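A.B. asks: got a structure for you, letters missing:
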C-alpha cells in the first residue's frame, strides 16, 4: 500500500480522556444506508483540475501570477513604449533622474541627489520615465529590454537545472552503490576545476552571446540541484511506501516518476527559485569578463552592477532594475509555493 | 543536550583557532593612534603623519625584480640611487655627488656622497655594480632599461651572448663608479632615476637569500624613509630615516599605506578620515565633484586605438584617419569618463614633456587628425570607395575593465553613427588575453593603453619601429625607424627634439597608424593639509621626501 | 578521493595551458627575448606533458612551488596566510546566517500563509535577489560612514570582521530560511507527525524532535558546499571590505595566470569540497537513520 495516499482518520485523539470505564453499551452501530455510501461528496476532478482549483484559491499565488504576467508583457512591450532605443546615445541627456509628469509625488520628479530639477537646469523637454545612464540612454527601455533577457536566461537556467539536475541526482541516488559513487565523483571533479578558467577558454573559442552564456551555465549550474535531489531520494528510498510499491512489482521508472519525484517537489522548487537569481547574476558576471551579452545590450544583472557603483549619486540607476528583479523573484517564489502546495498530494485538504 | 555542548565547544575552538590565525594589523593601529595623540599634545606642531592607500600589495621590494607602481613607490622613498626625480620630474643627482663624462660621452664617472644603509654599513660603488649586474643575471622584468640606457654589453647579455659579469659598470674604488655606454645617450641621466638602477648591499642580499625584500626586516634602507612594518595584503608603514644624508629636508615622520582594492571603499575610508588621499573612479566623481578636497590632475598614461595593418581595409591610411576623426573625444572625456582625462590627438601626452626651450611637446606638434563628424564622413566615403567597399564590419578587442567597456560602448555608437556602413562588434576579454590577442595581431581594432617608462617623449615614440615588442600591429615605416635610430644617439638636445617631433608626424600625420583617444587623468580627494606631495609621470609615482602636513 | 583530486589537478593543469598569456609580471612591456629567457628559466618552454610530470613529481614530494606574481613566496604560505581571514568571516556568516535563517524559516512554516510567513518569505527572497555587493556597499556606507559604528574596511581588529560577515550572511539566511520552510511544510504533512501529535506529544516536542530534524536534510545538503565556498573566500565581499582573504587571491591568480597559485588553491579547494561532501553524507545517516549506506554506496 502506498503510504502517501493514506489519509489518517484520527486527529488529536482524546487518548488520555478520563473516562473511567468503557462498556459495550456505549457503542451503537451507525445506521447503514447503501445509497449514501455510494454517493460522492464532491464531483470527481482530475488531478490537474484539482491542482488548478487549489492554486487559484491561494491569494498570494494568484496575485503573483498576475504581476508576473504583467511584468512579462511590460518586458515585451515596454521597450516600444517610447521613441528611444536601448542603444541610442545622447550625451546632452546623460545622467538624468527619473521623471514622469503626474507622478512627481512618487519621486519621479527629475530631481537629483541634491534636490535640483536637472531637467529644468539643462532645459530638457523630454521626460525619461526611469531616467538615463551616463551615455544618455533611456533606462526605461534598457530596463525592460534587460528584463526580457534576464527572464529568458532565468527560464533556461531553471529548465537546465530541472532536467539535468533531477535526472542526474535521481539516477545517482536511485541506483546507489557503484553508480552513485562514480556519479558523485564526477560532480566533485566538475566542482573542483575552477570554472573561471573554463569560462575564459569559452570566450576565446566562442563568439560571446546567448549560446555561450548557456554553455557556461550548463557547466556546473545543475550540480546543486543534483545534490539536493540525491539527498532527498536517499532518504525516501528506504521508506515503506517505496518498499511496498517495489514489492508490488512497480518498474523503476514508475517508482522514480510516481513515488519518488513527487515527494521531492518541495526542495526541487526551492532550488529552482535559487537558480533564477543566481543565473541572472552569473550572467552579469559573465558579461563582466566578456562572455555575456554584447554591449550595448544589457540584462538586469548588468544594470544593477552598473548602478551600484554610483548608487550614492544616481540611486535610480540601481533602484529600478533592483525593484524589477526583486518583484520577479518574490512573485516567482509565492507562485512556486502555491504550485507546490497545489501539486503535493499530501497537502490535499 | 550533551551533544550540543560538545558541538558548541568544537565551534568555539575552531573559531578561536581561526581568529588567532588572522593576523589583524590592530596592534600597530593602536600604537599609531597613541603616537599621533602624543604628537599633537606634546609640541604645538601637527603630527607629520601621512595616511594613504595602495590598490594592491607589494609583490616584491627587490629593486632588480620590482615591476609595479606600488613597489616603485616604496623603493623610491626607502632607497636612493645615483639620481632622483625632482619636483619638475627632472633627474637630479642624489647619491651621486659628482658626475663626469669623457669627450664622446660614453664613459661616465660618478662619485658617491657619504651615505649609510640602515644596518650601518656605508653605501659603496660595489653596491651599484652588484645590483645592476644582478638585474641582468636574474632577468629582471625591467632589464631592458639597462639596454635602453645603452650600458655596454647589456644587449648582448640580454641575448645571452655574454655573461652578466661583463656589464659596463665598474667600481673603481669605494666611492667611484665608472659606467661605460655603447654610444652617447641623451637619456642616460633621466633613466638613472628609475628604481631598477638602485644599489643593493651584496652581503645583506645574500644573507637573506630568497626571502630578500619580502618582509620589512628583509630590506635595507638608504633613502629618506625606512620600512618598519609590512603586513602582507593589509598595510605597511614607513618612518623617517634619520641616517639619510638629506634627513633635515625630510619633514614627514611617518607614512602609513593601507591596501584598498575597491575604489568605493577607498572613498568611504577617506570620508571617515582613515586615509588622507584617494583616487576616484568615474562612477564616484559625481558624488564628490563638489567636495572642497576634490581636484583633477593630468596623468601620463594614454589610451588609443590600434589598427591591424594587415587588415585589407584598415591598411588604408585614410580609412584609419576617418575612424580617428569620427570620434568625439570631448564627449568621451567630459561626459563619460569625467575623471580628469583629456582629449588627445597625438601619442605624446600634454603637460609633462618639454623641449630644451621649455615648450610643451603637444603644443609644438599640435593636434593630428582632428575633425568634425562631417569631415570624417567625407574622408571615410572617399577612402571606402578607394578600397572598393561600401561597408566595413570590424571587431574591437578590449580588456574587460569598467573604463575600457565604457569607452568601447561610446566608440561603437560614435563610429556607427558618424561613418555610414561602419559596424563595430565589441569583444571583451580579461587583460592578459587582450594583450596576447594584440601580440599575435589577431584583431581588427584594439583598445590599448600605454604608460611611460621614463620622463621623455621617446618612451611613446620608439615603440612603433618594426620589430618592437610594443608595435603589435605590423606597422612599418622605414622613415620612422630611421628617425628613431638617429634620435637615440643625437646629443644635441634641440636637434634631438626636432626629431622627436618628426617621429610623431610620420606616425600620425602621414600614416594615421593609430588613433589616439585620450590622456588619462586622475580625480582625487586630498586633504588640504597635505603640502608638496610630489607626483611623477613616469617611474616611481610618489615622492614623500618633501611632503609635509600643515 | 585521491583519484578524484588527481583528475581535477590534471584537468586544471591542461586547461590552464590553453589560456594564452604568461604568468610573468609586467607582460605589457616584456620583450620577446625576455620572455624566452624567463620561460627557459622556469621551464615553461618545455612541452606541457613534461611540465605536468614535473609538477606532479614536485607535488608528491609536498612541493607546491612558488608564486610567479609574488616572487619568492611559496604557494603554501600564500594559502595559509589568506585562509584565516576568509574562514573567520565565512564561519561567522555561516553561524549567524543559519541561526537567523532557521528562525525565519521555522516561523514562516508554522504560521503558513499568514503575514508572518509572507514577511519572512519576502526577507528571504530579497536576500537572494539583491546581490551581496549591493548589500555590502549599503552596509559599508550606512554603518561605517554615516554612523561610524564599525570600521569601514581594512583588517585591523575583530570589529573589522563584523560588516563583511553580516554582508556574507545574507546568502546563508536566504538559503536556510527557504529550504527549512519548504521542508518543514512538507514534513508537517507526514504521517509520523500526525502520529506524534496523536500520541499527545507536546507541540514543541513534535516540532523539535520530529519535524525539525527531518527537515534538516536538504538544508545540510546545501549548507555543506555553501560552507566551503563561503569559508574559502568570496571575491566581492573581500574586495569591498579589504579583507586579505583567499577568494580575491584565487580570482586574481587566474586572471594573471599565476600557474602555481591556481593549482595550489584548486587543490586545496577541491580537497576541502570533497571532504565536506563526505561529511554531509555521513550527516545524512546521523540525521535520518533510514538512509542505508550499504545500499547508498560509500561516499
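C.D. replies: Perfect, thanks for sending it. Predicted, not measured: the structure shown is a model, and the values here were computed from it.
A.B. asks: and the closest residue to chain B within the stretch 151-300 of chain A, what helix or strand is that in?
C.D. replies: Across the stretch 151-300 of chain A, the shortest distance to chain B (C-beta to the nearest C-beta) belongs to residue A:290, at 3.3 Å. C-beta here means a position set from N, CA and C on the backbone, and glycine is covered the same way. Using DSSP states H and E, residue A:290 is not contained in any helix or strand.
A.B. asks: run the chain-centre distance for the host helix or strand of residue A:241.
C.D. replies: Element membership for residue A:241, per DSSP H and E: helix A:240-247. Relative to its chain's centre, helix A:240-247 lies at 32 Å (C-alpha atoms, centre = their mean, to the nearest Å).
A.B. asks: neighbours around the closest residue to residue B:182 other than its chain neighbours, how many?
C.D. replies: For residue B:182, ignoring the flanking residues on the chain, the nearest one in space by C-beta to C-beta, 6 or more residues apart in numbering or on different chains is residue B:150 at 4.8 Å. The number of residues packed near residue B:150 is 23, by other C-beta atoms under 10 Å in any protein chain shown.
A.B. asks: quick one, phi psi at residue B:150?
C.D. replies: Dihedral pair for residue B:150: phi 80, psi 20, per degrees, to the nearest 10.
A.B. asks: could you do residue C:245 as well?
C.D. replies: phi -110, psi -180.
A.B. asks: what stretches of the chain score poorly on pLDDT?
C.D. replies: I went with chain A, as the question did not name one. A:1-21, A:32-47, A:344-349 (pLDDT under 70).
A.B. asks: hmm, no, I was thinking of chain B.
C.D. replies: Looking at chain B by pLDDT under 70, you get B:1-7, B:11, B:19-23, B:25-44.
A.B. asks: still on that earlier bit, for the closest residue in space to the residue of the stretch 151-300 of chain A closest to chain B that isn't next to it in sequence, helix, strand, or coil?
C.D. replies: With C-beta to C-beta, 6+ apart as the measure, residue B:428 is the residue that lies nearest to residue A:290, at 3.3 Å, once sequence neighbours are left out. Following DSSP: H, G, I helix; E, B strand; the rest coil, residue B:428 is assigned to strand.
A.B. asks: residues contacting residue B:428?
C.D. replies: Residue B:428 makes contacts with A:208, A:289, A:290, A:295, B:398, B:399, B:400, B:404, B:405, B:408, as judged by C-beta atoms under 8 Å, 6 or more residues apart in numbering or on different chains.
A.B. asks: next up, identify which helix or strand the fifth one is on.
C.D. replies: It stands for residue B:398. strand B:392-399.
A.B. asks: so what does that strand touch, helix or strand wise?
C.D. replies: Counting contacts by 3 or more C-beta pairs under 8 Å, 6 or more residues apart in numbering or on different chains; DSSP states H and E, strand B:392-399 is packed against helix B:402-418, strand B:422-429, helix B:431-439, strand B:445-450.
A.B. asks: thinking again about what came up before, nearest to residue A:112 among the contacts of residue B:428?
C.D. replies: Distance to residue A:112, by C-beta to C-beta, is smallest for residue B:405 among those, at 24.5 Å.
A.B. asks: doesn't residue B:398 make contact with that closest one?
C.D. replies: Yes. At 6.8 Å, residue B:405 counts as touching residue B:398 under the criterion of C-beta atoms under 8 Å.
A.B. asks: so which elements touch the helix holding residue A:241?
C.D. replies: Checked by 3+ C-beta pairs under 8 Å, 6+ apart, helix A:240-247 has no helix or strand packed alongside it.
A.B. asks: look up how far residue A:200 lies from the residue of the stretch 151-300 of chain A closest to chain B.
C.D. replies: To residue A:200, residue A:290 is 9 Å away according to C-beta to C-beta, to the nearest Å.
A.B. asks: intersection of neighbour lists for these two?
C.D. replies: B:429, B:430.
A.B. asks: which secondary structure elements does the host helix or strand of residue A:53 sit against?
C.D. replies: Using DSSP H and E, residue A:53 falls within helix A:47-57. Helices and strands touching helix A:47-57, by 3+ C-beta pairs under 8 Å, 6+ apart, are helix A:59-77, helix A:315-343.
A.B. asks: quick one: the shortest one to helix A:315-343, angle?
C.D. replies: Angle, helix A:59-77 to helix A:315-343, by axes from the mean of the first three to the mean of the last three C-alpha atoms, to 10 degrees: 130 degrees.
A.B. asks: report the distance from helix A:59-77 to the chain centre.
C.D. replies: So, by C-alpha atoms, centre = their mean, the centroid of helix A:59-77 is 14 Å from its chain's centroid.
A.B. asks: who touches that helix?
C.D. replies: Here helix A:59-77 has contacts from A:55-56, A:144-145, A:147-148, A:151, A:324, A:327-328, A:330-335, A:337-339, A:342, C:113, C:118, using C-beta under 8 Å, 6+ apart.
A.B. asks: would you map the strands across the stretch 201-350 of chain B?
C.D. replies: For the stretch 201-350 of chain B, the strands defined by DSSP state E, counting those that start in this stretch occupy B:225-231, B:235-240, B:254-259, B:277-280, B:294-307, B:342-343.
A.B. asks: the stretch 101-250 of chain C: helices as residue ranges?
C.D. replies: Taking DSSP state H, counting those that start in this stretch as the criterion, the stretch 101-250 of chain C carries its helices at C:115-129, C:132-139, C:162-188, C:191-198, C:203-205, C:213-231, C:235-241, C:246-256.
A.B. asks: what's the closest of those to residue B:509?
C.D. replies: Between the helices of the stretch 101-250 of chain C, helix C:246-256 lies closest to residue B:509; by C-beta to C-beta that is 37.8 Å.
A.B. asks: so which bits of chain B are right by chain A?
C.D. replies: Applying C-beta under 8 Å from any C-beta of the partner chain, one finds that chain B approaches chain A through B:264, B:281-284, B:286-287, B:328, B:331, B:335-336, B:400, B:402, B:405-406, B:408-410, B:412-413, B:425-430, B:433.
A.B. asks: that should have said the stretch 51-200 of chain C, apologies.
C.D. replies: C:113, C:118, C:121-122, C:125-126, C:128-131, C:133-134, C:137-138, C:141, C:175, C:178-179, C:182-183, C:185-186, C:189-191, C:194-195, C:197-200.
A.B. asks: around the closest residue in space to residue B:211 that isn't next to it in sequence, how many other residues sit close by?
C.D. replies: Distance criterion C-beta to C-beta, 6+ apart; nearest residue to residue B:211, sequence neighbours excluded, is residue B:218 at 5.4 Å. Counted by other C-beta under 10 Å, the residues lying close to residue B:218 total 19.
A.B. asks: residue B:218 and residue B:210 touch, don't they?
C.D. replies: No. Using C-beta under 8 Å as the test, residue B:218 is too far from residue B:210 to be in contact (10.1 Å).
A.B. asks: buried stuff in the helix holding residue A:53?
C.D. replies: For helix A:47-57, the neighbour count (16 or more other C-beta atoms under 10 Å in any protein chain shown) marks A:50, A:51, A:54, A:55 as buried.
A.B. asks: make a markdown table out of these and add distance to residue A:221.
C.D. replies: Shown next, in a markdown table, are the buried residues of helix A:47-57 (distance: C-beta to C-beta, whole Å):
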| residue | distance to residue A:221 |
| --- | --- |
| A:50 | 33 |
| A:51 | 28 |
| A:54 | 31 |
| A:55 | 28 |
